[in-house]
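In: below are the sequence and a predicted model; questions follow.
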Amino acid sequence: LAKTTQPISMDSYEGQEVNITCSHNNIATNDYITWYQQFPSQGPRFIIQGYKTKVTNEVASLFIPADRKSSTLSLPRVSLSDTAVYYCLVGDMRAGDSNYQLIWGAGTKLIIKP
Amino acid sequence: NAGVTQTPKFQVLKTGQSMTLQCAQDMNHNSMYWYRQDPGMGLRLIYYSASEGTTDKGEVPNGYNVSRLNKREFSLRLESAAPSQTSVYFCATKFRGRASGNEQYFGPGTRLTVT
């Protein structure tokens, strides 16, 4: 089971680009890299996932180097509403069944200041 | 289209009491999951159901039981609640297929306090 390491907390300012890096040295061949966002008193919300290189959607980009031992979530032009906890997860849940598990760490608490 | 719903939102139990947490989804997803989240920590998997008719233990199953009633509903039961089960409980669903990867959809949570 691949574990991840990410900063406990980060601060930034409105309008800045924020990059959160996650380390996952023992990622397995079939593992995806997935990021979730969680606001207080809410369930986590899927942001983005990727396998290799770069993935971009309407809210974020995910950069994955060739060795896949780390990944970087990039949030462009953040606002106050981006203040949340961000979780980096690696694993392969495609079959949804036995012998899989995603390990959820404590996440990165991102605080955006005006 | 409500997505994933959970009832109740809040519950206070005394030690030894039992209760069932309900989860329902209208996303037509095959797989459903129950997690708990303790303060300042990530989620831990309690039980999951890969498809209707199957259930399996996760990381922390002791003290819990589950029922996959049909494709839409997955319930979590505490037979004899203990203070250590004070937590926030999340239900999640996932489309079972290669394209979905690790993309899960979570309910709003049930905040349970056991005194």
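Out: Thanks, I have it. What you see is a predicted model; the values in this text were computed from it and never measured.

In: enumerate the residues of chain B near chain A.
Out: B:4, B:30-31, B:35, B:40-45, B:48, B:50-51, B:54, B:56, B:58-59, B:90, B:92, B:94, B:96-98, B:100-109 (CB under 8 Å from any CB of the partner chain). (Glycine included, C-beta is placed from N, CA and C.)

In: one more time with 7 Å, if that's ok
Out: Residues of chain B found near chain A (CB under 7 Å from any CB of the partner chain) are B:30-31, B:40-43, B:45, B:50, B:56, B:58-59, B:90, B:94, B:96-98, B:100-104, B:106-109.

In: keep only those of the residues you listed that are in strands.
Out: Among these, the members found in strands (DSSP state E) are B:31, B:43, B:45, B:56, B:90, B:94, B:106.

In: what's the ChimeraX line that selects buried ones from these?
Out: This is how ChimeraX selects the buried members of those, with burial counted by 16 or more other CB atoms under 10 Å in any protein chain shown:
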select /B:31,43,45,90,94,106
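
In: distance to residue A:86 and pLDDT for the ones in strands among the residues of chain B next to chain A - can I get that in JSON lines?
Out: Formatted as JSON lines, those follow (distance: CB to CB, whole Å; pLDDT from 0 to 100):
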{"residue": "B:31", "distance to residue A:86": "24", "pLDDT": "90"}
{"residue": "B:43", "distance to residue A:86": "14", "pLDDT": "91"}
{"residue": "B:45", "distance to residue A:86": "20", "pLDDT": "91"}
{"residue": "B:56", "distance to residue A:86": "28", "pLDDT": "91"}
{"residue": "B:90", "distance to residue A:86": "17", "pLDDT": "98"}
{"residue": "B:94", "distance to residue A:86": "20", "pLDDT": "90"}
{"residue": "B:106", "distance to residue A:86": "15", "pLDDT": "97"}
